[in-house]
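Trainee: Any chance you can model this:
(2 chains)
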Protein chains: 2
Amino acid sequence: MNLILLDPDDIAADGHARVRDPRRLRHLHEVHRAAPGDELTLGVENGGLGRGRLLHLSSDEACFVVEQLDQPPPAPLPVHLVLALPRPRMLARTLEHVTALGVKHITLLHTRRVEKSYWQSPELAPERVREHLILGLEQARDTRLPEVTLATRFRPFLEDSLPDLLKGRRGLLAHPGMATPCPRGIDTPSLLLVGPEGGFIPYEVERLLEAGCEGIHLGERILRVETAVTALLARLF
Amino acid sequence: MNLILLDPDDIAADGHARVRDPRRLRHLHEVHRAAPGDELTLGVENGGLGRGRLLHLSSDEACFVVEQLDQPPPAPLPVHLVLALPRPRMLARTLEHVTALGVKHITLLHTRRVEKSYWQSPELAPERVREHLILGLEQARDTRLPEVTLATRFRPFLEDSLPDLLKGRRGLLAHPGMATPCPRGIDTPSLLLVGPEGGFIPYEVERLLEAGCEGIHLGERILRVETAVTALLARLF
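Mentor: Take a look at the predicted model:
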């Protein structure tokens, strides 16, 4: 937690910000070992960053005096990530990694090799997804919450959503065995598609290429989804 | 497990390979849902890769007929990674990520901000470290086991080990706030140093720069160690 991310409602009219949830209070106590007078980095959800001075800290509340929160958060990555829904624990970690890296648009997609039971996972509940996004933002000192969309059927995604997503974006289909190595250091608005463990099936690859995506690969090593996504984002941008 | 990694002792003189450990047997049953006659990718530790046909599979043994294991494993990354010892769970995952990515030389280093208790973790036992390396190799279809060295004191590492490690290698110190962005797509033999959560302390940064390392950064976002290491390797190589 390199940033204390506040809800706009956490800041009172007198400029005092109060944090009351157990996770952040525990972190302030145990990791920061914070004491009254300490200065910490604060930010407002979808707003600016600045410093705050801790007034008091108890087991049920931390109260800060907030100066101006007027510094901009770090720049986002110019990418919309379409990720075949990973298994629940991998999903949780991947959401944290990609949020910390600056992804702001995530679509979780059903493909043939996604196990249907994953869509019933409690990790997909909006409040659980939000927790992982918040952890990613706190890690990277960012305030802008990514937007997560669920695309539970492949065909409607392909036919109804993909054409719009590709307008003004370079479509990049990351899949082992594609012809082109992953490009480096582009800053073009992009749509990056990453398959599940086991990959997209040939039918899905063909449809996505037909729709205008370029196939790219990361070499002959087969990587876990969370490793592959981080590696792709770091190499592309 | 995209590869069944065999110990040379697992292969009998008649060309039959036997797998008996519960983890791999469970994976063959539950994930591969393997059946006699199936062809799977096999490899020998520190040797070649090839295909094997499953002869029989029971709850306590899998037996393969092995053809020639003569394909080379994927190329390693030209890097020696020096990583401040992360907390145990992060260590486990990071070993898997970097092994899958092709790192063959890893030094785990003590620095000021490494908690001393981490050195007592059961995750550092050679057999536990080996388990994570094997998982990384199986993931990436690689056979060459990385070599892991423990450097439990910073000064002796700096004075006695670092000069030799820097011979013929480009030293890259990854640290927030350094002057140069992480270079892209180099294929120079390199020594990559990554600090702990909270970073190297200024004294350590100064000494490492004096010793001939170049300071590099990944931008203004602060990343978790496992995200940062994957991002650095993907961008550098």
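
Trainee: Around chain B, pick out the residues from chain A.
Mentor: Within chain A, the residues that sit near chain B (C-beta under 8 Å from any C-beta of the partner chain) are A:2, A:74, A:96-97, A:100-102, A:139-142, A:184-185, A:218-224, A:227, A:230-235. C-beta coordinates here come from the backbone N, C-alpha and C atoms, glycine included.

Trainee: So which residue is dead centre in chain A?
Mentor: Chain A has A:Thr99 as the residue nearest its centroid, 2.7 Å off, counting by C-alpha atoms, centre = their mean.

Trainee: part of a strand, is it?
Mentor: No - applying DSSP: H, G, I helix; E, B strand; the rest coil, one finds A:Thr99 to be helix, outside a strand.

Trainee: Identify those among the residues of chain A next to chain B that sit within helices.
Mentor: Among the residues of chain A next to chain B, DSSP state H puts A:96-97, A:100-101, A:139-140, A:227, A:230-235 in helices.

Trainee: Now for those residues: which two are most distant?
Mentor: Maximum pairwise distance in those, criterion C-beta to C-beta, is 20.5 Å, between A:Gln139 and A:Arg235.

Trainee: Okay, domains of chain A per the record?
Mentor: The record's domain parsing of chain A by automatic domain parsing lists A:4-66, A:79-236.

Trainee: most packed of the ones you listed?
Mentor: Most buried of the domains of chain A by mean neighbour count (mean count of other C-beta atoms under 10 Å in any protein chain shown) is domain A:79-236; its value is a mean of 18.

Trainee: distance between the ends of that one?
Mentor: End-to-end distance for domain A:79-236: 10 Å, by C-alpha to C-alpha, to the nearest Å.

Trainee: any idea of the mean pLDDT for it?
Mentor: Per-residue pLDDT over domain A:79-236 has a mean of 97.

Trainee: Do I have it right that A:Ala151 meets A:Glu159?
Mentor: No - A:Ala151 sits out of contact with A:Glu159 when judged by C-beta atoms under 8 Å, with a separation of 11.4 Å.

Trainee: What are the boundaries of the helices in chain A?
Mentor: A:22-30, A:88-101, A:126-140, A:154-156, A:162-165, A:202-210, A:225-236.

Trainee: contacting residues around the fifth one?
Mentor: Contacts of helix A:162-165 from elsewhere in the structure, counted by C-beta atoms under 8 Å, 6 or more residues apart in numbering or on different chains, are A:His80, A:Val82, A:Thr107, A:Gly171, A:Leu191, A:Leu208, A:Ala211.

Trainee: Tell me the helices and strands packed up against the strand ranked longest in chain A.
Mentor: Criterion DSSP state E: the longest strand present in chain A is strand A:49-57. For strand A:49-57, the elements it packs on are helix A:22-30, strand A:39-44, strand A:62-66, judged by 3 or more C-beta pairs under 8 Å, 6 or more residues apart in numbering or on different chains; DSSP states H and E.

Trainee: For the second one, enumerate the helices and strands it packs against.
Mentor: Read that as strand A:39-44. strand A:4-6, strand A:49-57, strand A:62-66.

Trainee: what angle separates it from strand A:49-57?
Mentor: Angle, strand A:39-44 to strand A:49-57, by axes from the mean of the first three to the mean of the last three C-alpha atoms, to 10 degrees: 120 degrees.

Trainee: List the neighbouring strands of strand A:39-44 plus their orientation.
Mentor: Here strand A:39-44 has these sheet partners by DSSP bridges: strand A:4-6 (parallel), strand A:49-57 (antiparallel).

Trainee: out of these, nearest to A:Val31?
Mentor: Taking C-beta to C-beta, strand A:4-6 is the member of the strands paired with strand A:39-44 nearest to A:Val31, at 11.8 Å.

Trainee: Return the distance of that closest one from the chain's centre.
Mentor: Distance of strand A:4-6 from its chain centroid, counting by C-alpha atoms, centre = their mean, to the nearest Å, is 17 Å.

Trainee: go on, stretch A:121-134?
Mentor: Distance, centroid of stretch A:121-134 to centroid of chain: 11 Å (C-alpha atoms, centre = their mean).

Trainee: just stretch A:141-159 next, same as before
Mentor: 11 Å.

Trainee: Same question for stretch A:10-24.
Mentor: On C-alpha atoms, centre = their mean, the centre of stretch A:10-24 falls 24 Å from the chain's centre.

Trainee: And the contacts of it?
Mentor: With C-beta under 8 Å, 6+ apart as the test, stretch A:10-24 has contacts from A:1, A:4, A:6, A:25, A:28, A:42, A:44, A:52, A:55, A:60-66.

Trainee: what about that stretch, start to end distance?
Mentor: 13 Å.

Trainee: Then stretch A:63-83?
Mentor: One end of stretch A:63-83 sits 39 Å from the other (C-alpha to C-alpha).

Trainee: Could you check how far the closest residue to A:Arg89 other than its chain neighbours is from A:Ala140?
Mentor: Nearest non-adjacent residue to A:Arg89, counting by C-beta to C-beta, 6 or more residues apart in numbering or on different chains: A:Glu123, 7.8 Å away. Counting by C-beta to C-beta, to the nearest Å, the separation of A:Glu123 from A:Ala140 is 21 Å.

Trainee: A:Arg33 now?
Mentor: 22 Å.

Trainee: isn't A:Ile222 right next to A:His175, touching?
Mentor: No - checked against C-beta under 8 Å, the pair A:Ile222 and A:His175 is beyond contact range at 11.1 Å.

Trainee: confidence score at A:Trp67?
Mentor: Careful, residue A:67 is Glu and not Trp. A:Glu67 is given a pLDDT of 81.

Trainee: follow-up on the earlier one: out of the helices and strands packed on strand A:39-44, which gets nearest to B:Pro196?
Mentor: Among the helices and strands packed on strand A:39-44, strand A:4-6 comes nearest to B:Pro196, with 21.6 Å by C-beta to C-beta.

Trainee: model confidence over that closest one, on average?
Mentor: What strand A:4-6 shows for mean pLDDT is 93.

Trainee: which residues touch it?
Mentor: Residues outside strand A:4-6 that contact it (C-beta under 8 Å, 6+ apart) are A:17, A:19, A:24, A:28, A:40-45, A:52, A:64, A:134, A:137-138, A:143.

Trainee: Go again with 6 Å.
Mentor: For strand A:4-6, the external contacting residues (C-beta atoms under 6 Å, 6 or more residues apart in numbering or on different chains) are A:Ala17, A:Leu40, A:Leu42, A:Gly43, A:Val44, A:Glu45, A:Leu137, A:Glu138.

Trainee: quick one: the second one from A:Leu77, how far?
Mentor: A:Leu40 sits 26 Å away from A:Leu77, taking C-beta to C-beta as the criterion.

Trainee: can you check the fourth one too?
Mentor: Between A:Gly43 and A:Leu77 the distance is 18 Å, computed by C-beta to C-beta.

Trainee: from memory A:Arg53 sits against A:Glu39, does it?
Mentor: Yes - with contact defined as C-beta atoms under 6 Å, A:Arg53 counts as touching A:Glu39 (5.4 Å).
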